[in-house]
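Asks: with the sequence up front, the predicted model follows.
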Amino acid sequence: MKITAVETLYTHEFENVLWVRIHTDTGLVGLGETFYVASAVSAHIHDTLASRLLGRDPLRIEAINRDLVDLPLAQASTGAEYRAASAIDIALYDLWGKATNQPVHQLLGGLCWDKLRIYNTCAGYQYVRNRDIRPVNTWNIGTEGPYEDLKGFMTDAGALAENLLEMGISAMKIWPFDPIARQSNGLDISAAQLNEALKPFELIRKRVGSQMDIMVEFHSLWNLTTAKRIARALEPYEPAWFEDPIRMNSSQALADYARCTRVPVCASETLGSRFSYKEMLDRDAIDIVMVDLCWTGGLTEGRKIAVLADTYHKPFAPHDCTGPVGFAAAVHTAFSQPNTMIQESVRAFYTGWYKELVTEVPTIRDGYVWPMEGPGLGTDLRPAVFERSDLVVRRTEA
């Protein structure tokens, strides 16, 4: 089997989601995905990486992955180069699964779990839909359906928590500190602002008590001093974890933060390659290892990071707040790793726009996700995607 063509696709409506299709001389096609600045990633794929792929055996995944990330600007980052390599790697695993008629989780070692607990990231239907994905700017609160959870946690977090529990979902992630960080550039927070941002936590605990686990997302918006102050204020509400409180560019600073709080630190969708994670783990800066497979090198690198976390006796928690193919890849990886703690999900996405784009989404019920069936990732782009008037396609052939 040889690679005969590399194809990229994105739509103007979902302009941050880029799909990669790897074509072969057998007729099998592998599907991958990445997220953010799709046009830039597409250019790198066709201008730089396609020549490293065409004519090669697509099942030499490890060797291909090394070739794609062994570039001067594509090492230990989550820039366009690494996102391109990630999408291609996911597509190659999908292709491998289709060639062997096996689901991807089987290729990664088989199921470690019959079902996995999920948490709901409380985004809404329009969240991260446009190109401007800066925190707060990307909120785009809409009214498309019953799961406008971003508006929910900002207006009545207690009622939202109760609604999630009714669906069997007992963990939720919120980020009420982001608007304040944008006002102060993350430099400071007043007592009044702090009290305002604490209200969702008060409402959740008052309404449902300890039945709900609360993950706190900070989007790396704060300086260390203020992040510590916020952490101390939040501790009485018993959060499940603090995620990316500061920029993920200093293992020493993050270790300092981790020492100041008894709440576990989760990091980070923004770290690239196992080498960045190892530095953080060596300094005891991370308690829970989060990975976005679409950004950090695909399934090849993601599996290594999960194993690295296990070596340090740390749990693994795959990220998903981007696109439907990446979600499927994360679920396959999560099920294949013995140290998976929980899987991120967004009910506004998997009940909403994900279904507009792909044939299958993971089954979620009673607060758990179930293994995906079928060869490869177990999902594909819907035929309607190829008929869209806003679709941008680029193809490089042998």
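Replies: In hand now; what should we look at? Numbering: from 1, shown residues only.
Asks: CA atoms for contacts and neighbours, from now on please.
Replies: Noted.
Asks: contacting residues for the nearest residue to Glu235 once chain neighbours are set aside?
Replies: Leaving aside its sequence neighbours, Glu235 sits nearest to Val263 (CA to CA, 6 or more residues apart in numbering; 7.0 Å). Residues counted as contacts of Val263 (CA atoms under 8 Å, 6 or more residues apart in numbering) are Glu235, Glu238, Pro239, Ala240, Trp241, Phe242.
Asks: most neighbours of all the residues you listed, which one?
Replies: Phe242 (24 neighbours; other CA atoms under 10 Å).
Asks: how many neighbours does Tyr119 have?
Replies: 24.
Asks: now the residue nearest to Ile88 when sequence neighbours are not counted, what's its secondary structure?
Replies: The shortest distance from Ile88 to any non-neighbouring residue, by CA to CA, 6+ apart, is to Gly32 (5.9 Å). Three-state assignment for Gly32 (DSSP: H, G, I helix; E, B strand; the rest coil): strand.
Asks: before we move on, the earlier item: of all the contacts of Val263, which comes closest to Lys314?
Replies: Nearest to Lys314 among the contacts of Val263: Trp241, at 13.4 Å, using CA to CA.
Asks: which SS class is the residue nearest to Glu235?
Replies: Under three-state DSSP, Val263 comes out as coil.
Asks: got the CA positions of stretch 205-225 in PDB?
Replies: Extracted in PDB, the C-alpha atoms of stretch 205-225 (Å, rounded to 0.1, in the frame of the first residue of the first chain):
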ATOM      1  CA  ARG A 205     -22.300  23.800  46.000                       C
ATOM      2  CA  LYS A 206     -25.600  25.300  47.400                       C
ATOM      3  CA  ARG A 207     -27.700  23.600  44.800                       C
ATOM      4  CA  VAL A 208     -26.100  20.100  44.500                       C
ATOM      5  CA  GLY A 209     -23.500  20.000  47.300                       C
ATOM      6  CA  SER A 210     -20.600  17.600  46.600                       C
ATOM      7  CA  GLN A 211     -22.400  15.600  44.000                       C
ATOM      8  CA  MET A 212     -20.700  17.600  41.300                       C
ATOM      9  CA  ASP A 213     -17.000  17.700  40.600                       C
ATOM     10  CA  ILE A 214     -15.900  21.100  39.400                       C
ATOM     11  CA  MET A 215     -12.900  21.500  37.100                       C
ATOM     12  CA  VAL A 216     -11.600  25.100  36.800                       C
ATOM     13  CA  GLU A 217     -10.200  26.300  33.500                       C
ATOM     14  CA  PHE A 218      -7.900  29.400  33.600                       C
ATOM     15  CA  HIS A 219      -6.700  29.400  29.900                       C
ATOM     16  CA  SER A 220      -3.200  30.400  31.000                       C
ATOM     17  CA  LEU A 221      -4.400  34.000  31.500                       C
ATOM     18  CA  TRP A 222      -2.900  34.800  34.900                       C
ATOM     19  CA  ASN A 223       0.400  35.800  36.400                       C
ATOM     20  CA  LEU A 224       1.700  33.500  39.100                       C
ATOM     21  CA  THR A 225       1.100  35.900  42.000                       C
END
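Asks: now do the buried residues in it.
Replies: Applying a neighbour-count criterion of 16 or more other CA atoms under 10 Å, one finds 205, 207, 212-224 buried in stretch 205-225.
Asks: once you drop chain neighbours, what's closest to Gly323?
Replies: Val17 (6.4 Å).
Asks: hmm, that neighbour is touching Ala40, no?
Replies: No. Between Val17 and Ala40 there is no contact, the gap being 11.6 Å when judged by CA atoms under 8 Å.
Asks: more crowded one of those two?
Replies: Set Val17 next to Ala40 and count neighbours by other CA under 10 Å: Val17 wins out with 26 against 14.
Asks: bridging residues for Asp213?
Replies: Ala171 (DSSP bridges).
Asks: next, the contact list for it, please.
Replies: Asp213 neighbours (CA under 8 Å, 6+ apart): Ser170, Ala171, Met172, Pro239, Ala240.
Asks: next: Thr300.
Replies: Thr300 touches Ile61, Glu62, Asn65, Asp89, counting by CA under 8 Å, 6+ apart.
Asks: tell me the one among the residues you listed nearest to Glu13.
Replies: Asp89 (24.9 Å).
Asks: ok, that closest one to Asp282 distance?
Replies: 27 Å (CA to CA, to the nearest Å).
Asks: got the domain ranges for the protein?
Replies: Domain ranges of the chain: 3-101+380-397, 106-369, per automatic domain parsing.
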